[in-house]
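Chemist: Here is a sequence with its predicted model. Questions after.
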Amino acid sequence: MQKIPVEVFPSRQEAVSQLAAETADLMRSNEAASKQTVLGLATGGTPVAYYNELIRLHREDGLSFANVTSFNLDEYAGLPKEHAESYWHFMHQNLFNHIDIKPENINIPSATIAVADIPSHCAQYEQAIVDAGGIDLQILGIGRSGHIGFNEPGSPKDSRTRAIQLDPITREDAADTFGGIDKVPTTAITMGCGTILSARRIVLMAWGESKASIVNQAVTGTVNDIVSATYLQEHANAVFFLDSAAASML
Ligand code: PGA
């Protein structure tokens, strides 16, 4: 029944401790080989505990991010960097301001690029990932629409970084933090499914009962373009890290 490897943990803290330890091992072995580590990073409520654990390893274990290059999955269109809900702001608040990553190694799609320049901006984003050597470890959450990044229903498997219309479920889920659905942007720039699937390893995290149904569809359903997370079934090194509530329908 399960078409993607799944690891179920008693709590999210145990899950993120294991994932942060894996990330630290990867960073240290790359550093020993004088190589950069390229991380694909996610936003939302899901990865916050993971980022807290990385910050703890930086502070208490001396884990250095000086050799890390990061690429974020996505960004809302139209929000200035300083907007409290921009992903630029989120990443600085929740991770980058607390570690020693070099600002020039941080990559987040631009929210304020002129519409006419979006295709070239997206092509440059793809090229920057290639130039960095590809993504070693891609971190994902999953939306109730089944999206990974902002690859909403209908996203092709080979899609690349592009502008996308947000699904009504996604906007509804963001309404509280924005202070009303009318304030949630209608479009975003997202890495494509193909961009994500090019990563050498992918870990999707999900916590809580509200994710149980979509996790079940992603892990046991047929591969389809409605639930873009089902494409992960066709990746050779993708795994879901779940707490017991998110795994409750498997
Ligand atoms: P969440 O969002 O982490 O806030 O639940 C996940 C997602 O939409 O990918």
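Modeler: Good, I have the coordinates.
Chemist: Strands along this protein, start to end?
Modeler: For the chain, the strands defined by DSSP state E occupy 6-9, 37-41, 68-72, 74-76, 106-107, 137-140, 162-165, 187-190, 201-206, 238-243.
Chemist: For these, give me TSV that also has mean pLDDT.
Modeler: Formatted as TSV, the strands of the chain follow (pLDDT from 0 to 100):
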stretch	mean pLDDT
strand 6-9	98
strand 37-41	99
strand 68-72	98
strand 74-76	98
strand 106-107	98
strand 137-140	98
strand 162-165	97
strand 187-190	98
strand 201-206	98
strand 238-243	98
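Chemist: quick one, which of the ones you listed is nearest to residue 30?
Modeler: When the strands of the chain are compared by C-beta to C-beta, strand 37-41 sits nearest residue 30, at 4.5 Å. Quick note: C-beta positions are derived from backbone N, CA and C, even for glycine.
Chemist: Tell me what angle the closest one forms with strand 201-206.
Modeler: On the basis of axes from the mean of the first three to the mean of the last three C-alpha atoms, to 10 degrees, strand 37-41 is oriented at 30 degrees to strand 201-206.
Chemist: residues near residue 22, how many?
Modeler: Around residue 22 there are 14 other residues, counting by other C-beta atoms under 10 Å.
Chemist: thinking again about what came up before, would you reformat the strands of the chain as JSON lines and include mean neighbour count and distance to residue 100?
Modeler: JSON lines is the format used below for the strands of the chain (neighbours: other C-beta atoms under 10 Å; distance: least, C-beta to C-beta, whole Å):
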{"stretch": "strand 6-9", "mean neighbour count": "17", "distance to residue 100": "29"}
{"stretch": "strand 37-41", "mean neighbour count": "24", "distance to residue 100": "13"}
{"stretch": "strand 68-72", "mean neighbour count": "23", "distance to residue 100": "9"}
{"stretch": "strand 74-76", "mean neighbour count": "24", "distance to residue 100": "23"}
{"stretch": "strand 106-107", "mean neighbour count": "18", "distance to residue 100": "12"}
{"stretch": "strand 137-140", "mean neighbour count": "25", "distance to residue 100": "18"}
{"stretch": "strand 162-165", "mean neighbour count": "18", "distance to residue 100": "32"}
{"stretch": "strand 187-190", "mean neighbour count": "23", "distance to residue 100": "27"}
{"stretch": "strand 201-206", "mean neighbour count": "23", "distance to residue 100": "23"}
{"stretch": "strand 238-243", "mean neighbour count": "23", "distance to residue 100": "26"}
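Chemist: Understood, closing this out.
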